[in-house]
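1. Turn this into a structure:
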Amino acid sequence: MNFFEQEFAKADDFTKLFDLVKLCVNEVLGRSRAGIMLGLSPLGTSPQGFIGAYHQLGSNLIVLNESLLQRIGRQRPELLKHHVFHLLLHEYVHSLGIVDEQSTRLLTEAVTEKVFGPEHILSMVAKNFEKYLPDLRHAPADFQPPEQAHITLLDSFGQEDVGYIG
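-> Just a heads-up that it's a prediction; the model follows:
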């Protein structure tokens, strides 16, 4: 088991998973960003598609779809942590300025494969999310988050990055 696999096994909350995401991205891409906040919002799921998470360009906020996480927790609880890691990694790559969705997916897959290896479940989730949750579909590429979305911010998330606000 390599260092990243050990850290993933130990990660038991959003903050620890995100710390690992940042380590992975820095290791592979040599890039980082401080001050990211995490929010949860009940964005729903439907047969027409879902949004797993989003990062609004120019913001420091990643929002995870709380409805999706609850559904995965019910249907595939053994994969919940894997999907949270994948969603955080994908949105963190967006937060680094990679706007194009296909480029972000490819970078997410490349980072995951580089640190965990191509046969690791995280790499397989990054390569083919739908294989693990076949009854869920991604939202269309033109998805726009609701303007009045209820977002619950996680208090301790990302606070180690910012010592003060000036």
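2. now this structure, which segments are flagged as low pLDDT?
-> The model of the chain has pLDDT under 70 over residues 47-49, 134-148, 156-166.
3. Tell me where it has helices.
-> Listed in chain order, the helices of the chain (DSSP state H) span residues 3-10, 14-29, 66-75, 80-95, 101-116, 121-127, 129-132.
4. out of those helices, deepest packed?
-> Mean neighbour count (mean count of other Cβ atoms under 10 Å) peaks for helix 80-95 among the helices of the chain, with a mean of 22. Bear in mind the C-beta positions are built from the backbone N, C-alpha and C, glycine included.
5. coming back round to it: JSON lines for the helices of the chain, including distance to Leu38?
-> Formatted as JSON lines, those follow (distance: least, Cβ to Cβ, whole Å):
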{"stretch": "helix 3-10", "distance to Leu38": "18"}
{"stretch": "helix 14-29", "distance to Leu38": "6"}
{"stretch": "helix 66-75", "distance to Leu38": "11"}
{"stretch": "helix 80-95", "distance to Leu38": "8"}
{"stretch": "helix 101-116", "distance to Leu38": "17"}
{"stretch": "helix 121-127", "distance to Leu38": "19"}
{"stretch": "helix 129-132", "distance to Leu38": "20"}
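6. between the ones you listed, which gets nearest to Ser41?
-> In terms of Cβ to Cβ, the element of the helices of the chain nearest to Ser41 is helix 66-75, at 6.0 Å.
7. what does the closest one contact?
-> Contact with helix 66-75 is made by 40-45, 50-52, 79-80, 83-84, 133, 136, 152, as judged by Cβ atoms under 8 Å, 6 or more residues apart in numbering.
8. Span of stretch 74-88 from start to end?
-> 20 Å (Cα to Cα, to the nearest Å).
9. quick one: that stretch to chain centroid distance?
-> Centroid displacement of stretch 74-88 relative to its chain, using Cα atoms, centre = their mean, to the nearest Å, is 10 Å.
10. Just the buried ones out of the contacts of helix 66-75, please.
-> Among those, the ones that count as buried by 16 or more other Cβ atoms under 10 Å are 40-41, 43, 45, 50-52, 79-80, 83-84, 133, 136.
11. Those residues: which two are farthest apart?
-> Ser41 and Leu79 (21.0 Å).
12. could you dump the buried ones among the contacts of helix 66-75 to TSV with distance to Tyr92?
-> Below are the buried ones among the contacts of helix 66-75 laid out as TSV (distance: Cβ to Cβ, whole Å):
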residue	distance to Tyr92
Leu40	16
Ser41	17
Leu43	18
Thr45	22
Phe50	20
Ile51	16
Gly52	13
Leu79	20
Leu80	18
His83	15
Val84	12
Leu133	21
Leu136	22
